[in-house]
Every structure is written in C-alpha cells, then in structure tokens.
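In: when you get a sec, could you give me coordinates for this:
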Amino acid sequence: TLLLVAGMLALALAALPRVPFEFFPKADRNQLLIELEMPEGTHVTITDSATQKLERALLERPEVTGVSAYIGQGLPRFYYNVVAKPRSPHLSQIVVTTQDPGQVAELATWVRDFAGERMPEITAIPKILGQGPPVRSPLELRVFADDLEVLGQVTERLVGVIADSSHTRSARHDLGVGTP
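Out: Model prediction:
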C-alpha cells in the first residue's frame, strides 16, 4: 500500500509541469476596459470627441455588443479590482461588451493598433479584466528625487529605455505638471 501511494505521488509530481497554471487568471467576462489619456490640461470637450471617435470605431466591429464611456471621471465600480480614476478632464474610460469572452484579447490588440495608427494624440490602454489585486500596469516603477527637474529628466529617460524594448506595448508615466 505504501509503495502504491508513493508511486501515485511520484506520478502526480511528474505530471504537474503539464498542468496549466496562472496565479491570477484572467476573468471569464465578455468585457474590456479601455483607459484613454490625453495630454494634461486637455479640455473635456476634446477628450469627449476623441472618446466618441473610438466608440464609433468599436461599434462597427461585429463582436462588440455594447459600449459605455465615462469622460472626465472614473467609471462606476463594476468589478472588484478595477483601479478608480480621479475626476480629470483629460481622462476617459470605456467599457466594451463583446459577444463572447474569447473575443476580448483580440479586441484589445485591435484597440492598441487602431489608437496607435489613427489616434496618436491619445494614450489608449486596453485592460483585460483579471482576478487578484488591482494592477495599474504589469510593470510599475517609482522614481524619487528631491529636485523636480531631476525627477522629470530621470523619469523621461527611464520611460524612453522601457519604450525602446521590443517587448513593450506601451510606456507612460504619471508625472504631470498639474495643469488645471
């Protein structure tokens, strides 16, 4: 009996690498969250116009069944780990509903491509909803300095290095000038 148990344990351990494992898997939802950022100081009407342009393009896609946009403010809490956005005229968020959860990843790629080609004035960040704690970005670095000018220079240089990597989809920072 002991030999049988040891054999079963060894077999289970040998098969373990073949079992797919993700610590915090993606949510099985048919929704995509898109965060849009315009330059700080952008008037809310310009943010609204850019958001509407992306909304219209999304609604032309056959897999999209609905679009809800929130301009100048964060969206209502609809999923437990979505990070709340502050009220700001240069920000908007769009929640896109697809026919099937399997269509969300492909739509996220399309949004990145569309915004990069046809809307270079914005930063569009499509986010597939997932499990686990809230994540602002897959990679987040914090830079500290006593001198704001040095902080800005180091931040810009760091973003440039990250953006130059062939594995980077987007690189951005939230060091703003505080323009109203």
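
In: what's across from the most centrally placed residue in the chain in the sheet?
Out: Central residue of the chain (CA atoms, centre = their mean): K127, 3.2 Å from the mean position. Counting by DSSP bridges, K127 forms beta bridges with L33.

In: list phi and psi for the residue lying closest to E35 once chain neighbours are set aside.
Out: Excluding its sequence neighbours, the residue lying closest to E35 (CB to CB, 6 or more residues apart in numbering) is I125, at 4.4 Å. C-beta coordinates here come from the backbone N, C-alpha and C atoms, glycine included. In terms of degrees, to the nearest 10, the main-chain angles of I125 are phi -120, psi 100.

In: separation between I125 and Y79?
Out: Going from I125 to Y79 by CB to CB, to the nearest Å gives 16 Å.

In: between these two, which is the more surrounded one?
Out: Between I125 and Y79, counting by other CB atoms under 10 Å, I125 is the more crowded of the two (20 against 14).

In: parallel or antiparallel, list what pairs with the helix or strand T65 falls within.
Out: Here T65, judged by DSSP states H and E, is contained in strand 64-71. Using DSSP bridges, the strands paired with strand 64-71 are strand 91-98 (antiparallel).

In: all strands for the protein, in order.
Out: Along the chain, the stretches classed as strands by DSSP state E are 31-37, 64-71, 91-98, 123-128.

In: and the angle for the second one with strand 31-37?
Out: So the one you mean is strand 64-71. 30 degrees (axes from the mean of the first three to the mean of the last three CA atoms, to 10 degrees).

In: circling back: same list, the strands of the chain, but as CSV with distance to L175 and mean pLDDT please.
Out: Below are the strands of the chain laid out as CSV (distance: least, CB to CB, whole Å; pLDDT from 0 to 100):
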stretch, distance to L175, mean pLDDT
strand 31-37, 13, 94
strand 64-71, 23, 96
strand 91-98, 15, 96
strand 123-128, 14, 91
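
In: to L139, which of the ones you listed lies closest?
Out: Among the strands of the chain, strand 123-128 comes nearest to L139, with 13.0 Å by CB to CB.

In: list of residues touching that closest one?
Out: If you take CB atoms under 8 Å, 6 or more residues apart in numbering as the criterion, strand 123-128 is touched by 26-27, 32-37, 54, 104-105, 107-108, 111-112, 114-116, 170, 172.

In: and the angle from it to strand 91-98?
Out: Counting by the same axes, to 10 degrees, strand 123-128 lies at 40 degrees to strand 91-98.

In: circling back: let me have the strands of the chain in a markdown table, extended by distance to H43.
Out: Output for the strands of the chain, formatted as a markdown table (distance: least, CB to CB, whole Å):
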| stretch | distance to H43 |
| --- | --- |
| strand 31-37 | 14 |
| strand 64-71 | 11 |
| strand 91-98 | 12 |
| strand 123-128 | 17 |
